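# Sequence below, structure please.
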Amino acid sequence: MRPHEKRVRGVRRDRPEGLIRDLRGGIAVMAAMAGGLFCAMAAVTVDLGSLALHARQLQGAADLAALSGARDMDHAEAAARATALANAGTGVATVVLKGRYVSDKAVAPARRFTAGTAEANAVRVSLTNRAPLYFGGWILGKDSVEITRSGTAATPGEPRALFSIGSRLASLNGGLANQLVSGLTGNSVSLTAMDYNALAGAKVNLLTFSDALSTDLGLQVGGYDALLKHDVDAGRALKVLETLAGGQSASALSRLGNAATGTKLKVGDLIGAEVDATDGLAQGLDAKVSTLDLAMAMLEIGGGERQIALTTAAQTGIAELKINLAIGERPNQSPWITVTSKGEPIVRTAQTRLYVRARTSQKLSGLAQVDLPILIQLASSEARLDAIACKPSRTVTLGVRPGLARADIGVIDETKLDDFKQALTPAPATLMSVAGLVSLTGRATVEAADQGFKPVAFTDPEITAQTMKTVHATGLVNGIVVSLLQKLDVTVNIVGLPLGLGGLVSALGTLLAPLGPVLDAVINPILETLGLRFGEADVTVLGAVCPEGAGRPVLVG
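Next comes the predicted model:
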């Protein structure tokens, strides 16, 4: 070991002492560096907070401006700019666009607004301004940042129409209606003609009924999507209707409700709505309908696919009259009434078959009475919304197509009358037979049909008055039975040999001719009580909502 070297506690100390070895003051250096960082972070925080506040104020001004423009569509730009100036001040770039907003969940939010003035129902306002940076210049090298915010306001929903297909008589025969209702419910119903007239005259708000039914079922009021999917007992629904109707109609509804207990129906088969239209149901359902229409629609939907035997009072010239009625389902679960802004859903009447067997009170040429079997088949009539306009006034155009209506003189297997999955083809009818020696057979067919939809326009006064309009199919001029008898083709058989005995055929025509109007007077009320007519379709626009003129604007995405 050299003289100038020494060891301290085993550590070689051959380096000079200095600042590198001095650890004092390290905390101060770190604090100084952290303080600078904290100051920079505080500066950024202040600027970010300032930008967020400025953006929120600009967004609020854009929303207010959009609402102001939507409230006054005719002067939307002026109203929006005035509101933007009052809330955002000068120096703000303002862009105002009028357009069409579609509330459709299937469309991406960014694509729901389309600029344009054709039937505009929305206003979009975009505001652009520069927000100051207090410390950002040190970092970004600039003292302000450009911010743009947009707000869109629209009147709620699309224009919608509420319409139905089918009609009822203003005055009803109590005995016939009781037989129909008893057949639909499966229980005996006894109401007077006065009861039915009271039901026909009473009106109920469909929205109020829907809300009351939701409450009774324990569903959320206003949750129409859940309501339409719900199965309900027809008796329970009629009890809800009873509480709303009041007066003499309430007593009739109470008895109908008792008879209909156990009959099930889905609310969506009664009230239809286009896909994703539930947001607009509240407005669309805000219309009054006949209590009788609503009650009968429930019973037909819930009690369909039944065969009903009907009896009538004695008719002039007829010794015996038997009537069987079969009501099928509405195709594709079509509703009785719908709220829609487009061509779906289509509303349809129920398929119906009526088989009438009449026997004359007089004998043909003193030989025997004549039997006349008549089959009437009504396919579903259809109606859809073709167009709805709000300016200069409300107009609704429906496309209507009467269903194929066919009537035959012929015989069928009556057990298959209510099998609507199987077509019925009547065989020639034996009109008269005398001991197997002389017989008359005959058949006839009349049809009323249209291939396409016919446009039917309803004006604003007609919508308000709930005017019913009828579309006629081609092919029928006179009554059903009268037309059949005019086309009757008769064959006379003597001991199995077909012979053309003109005198006997002529006598048959003379005997049957007066019965045509008599049987038509029996058949027509039966169909009309069900809201049906041969070769015709009755449609009514019960209400139409034009949000552009009546709705309160709301902010939309």
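# I'd like the mean pLDDT over the helix or strand containing Val232, please.
Assigned by DSSP states H and E, Val232 falls within strand 231-233. Average pLDDT, strand 231-233: 90.
# which residue sits closest to the residue positioned nearest the centre of the chain, ignoring its sequence neighbours?
When CA atoms, centre = their mean is applied to the chain, the residue found nearest the centroid is Thr338 (2.2 Å). Excluding the flanking residues, the one nearest Thr338 by CB to CB, 6 or more residues apart in numbering is Gly272, at 3.8 Å. Where C-beta positions appear, they are placed from N, C-alpha and C, glycine not excepted.
# which neighbours does the helix or strand hosting the one you found have in its sheet, and in what orientation?
Secondary structure from DSSP H and E places Gly272 in strand 271-273. Applying DSSP bridges to the sheet, strand 271-273 is found paired with strand 337-340 (parallel).
# ok now the partner strand, how far from the chain's centre?
2 Å (CA atoms, centre = their mean, to the nearest Å).
# Strands along the stretch 1-150 of the chain, start to end?
With DSSP state E, counting those that start in this stretch, the ranges of strands along the stretch 1-150 of the chain come out as 7-8, 11-12, 93-101, 113-115, 122-132, 144-154.
# deepest of those strands, which one?
When you average the neighbours per residue for each of these (mean count of other CB atoms under 10 Å), strand 122-132 leads with a mean of 22.
# Could I get the CA-only coordinates of that strand as CSV?
C-alpha atoms of strand 122-132 as CSV (Å, rounded to 0.1, in the frame of the first residue of the first chain):
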residue,chain,number,x,y,z
ALA,A,122,-87.5,19.4,-38.8
VAL,A,123,-84.8,22.2,-38.5
ARG,A,124,-81.1,21.6,-38.0
VAL,A,125,-79.0,24.5,-36.8
SER,A,126,-75.2,24.4,-36.8
LEU,A,127,-73.2,27.1,-34.9
THR,A,128,-69.5,27.6,-35.2
ASN,A,129,-67.4,29.9,-33.0
ARG,A,130,-63.9,30.2,-31.7
ALA,A,131,-63.3,29.3,-28.1
PRO,A,132,-60.3,31.1,-26.4
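# Name every strand pairing with that strand and say which way it goes.
Counting by DSSP bridges, strand 122-132 is paired with strand 93-101 (antiparallel), strand 144-154 (antiparallel).
# Nearest to Val482, out of the ones you listed?
Closest to Val482 of the strands paired with strand 122-132, according to CB to CB: strand 93-101, at 52.9 Å.
# now for the strand holding Val232, which elements pack on it?
strand 264-266 (3 or more CB pairs under 8 Å, 6 or more residues apart in numbering; DSSP states H and E).
# neighbouring strands for the strand it packs on, and are they parallel or not?
Next to strand 264-266 in the sheet, as set by DSSP bridges, lie strand 231-233 (antiparallel).
# Using CSV, write out every CA atom in the helix or strand just after the partner strand.
Sequence order places helix 234-245 as the next helix or strand after strand 231-233, per DSSP H and E. C-alpha atoms of helix 234-245 as CSV (Å, rounded to 0.1, in the frame of the first residue of the first chain):
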residue,chain,number,x,y,z
ALA,A,234,-112.6,-10.6,-24.6
GLY,A,235,-114.9,-10.5,-21.6
ARG,A,236,-112.3,-8.5,-19.6
ALA,A,237,-111.7,-6.1,-22.5
LEU,A,238,-115.5,-5.5,-22.8
LYS,A,239,-115.7,-4.8,-19.1
VAL,A,240,-113.0,-2.1,-19.5
LEU,A,241,-115.1,-0.7,-22.4
GLU,A,242,-118.1,-0.8,-20.2
THR,A,243,-116.5,1.6,-17.6
LEU,A,244,-115.7,4.1,-20.4
ALA,A,245,-119.0,3.9,-22.3
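# Burial check on Asp293, number of neighbours?
22 (other CB atoms under 10 Å).
# Please report the distance of it from Thr540.
Separation of Asp293 from Thr540 (CB to CB, to the nearest Å) stands at 9 Å.
# Mutual contacts of the two, please.
Overlap between the contact sets of Asp293 and Thr540, as judged by CB atoms under 8 Å, 6 or more residues apart in numbering, is given by Ser164.
# Now the weakest link among the strands paired with strand 122-132, please, by mean pLDDT.
When I compare those, strand 144-154 is least confident, with a mean of 85.
# Next SSE downstream of it?
On the C-terminal side of strand 144-154, the closest following helix or strand by DSSP H and E is strand 160-165.
# in the very next helix or strand once past that following strand, what counts as buried?
Next in sequence after strand 160-165, counting helices and strands by DSSP H and E, comes helix 174-185. Neighbour counts over helix 174-185 (16 or more other CB atoms under 10 Å) mark 175-181, 183-185 as buried.
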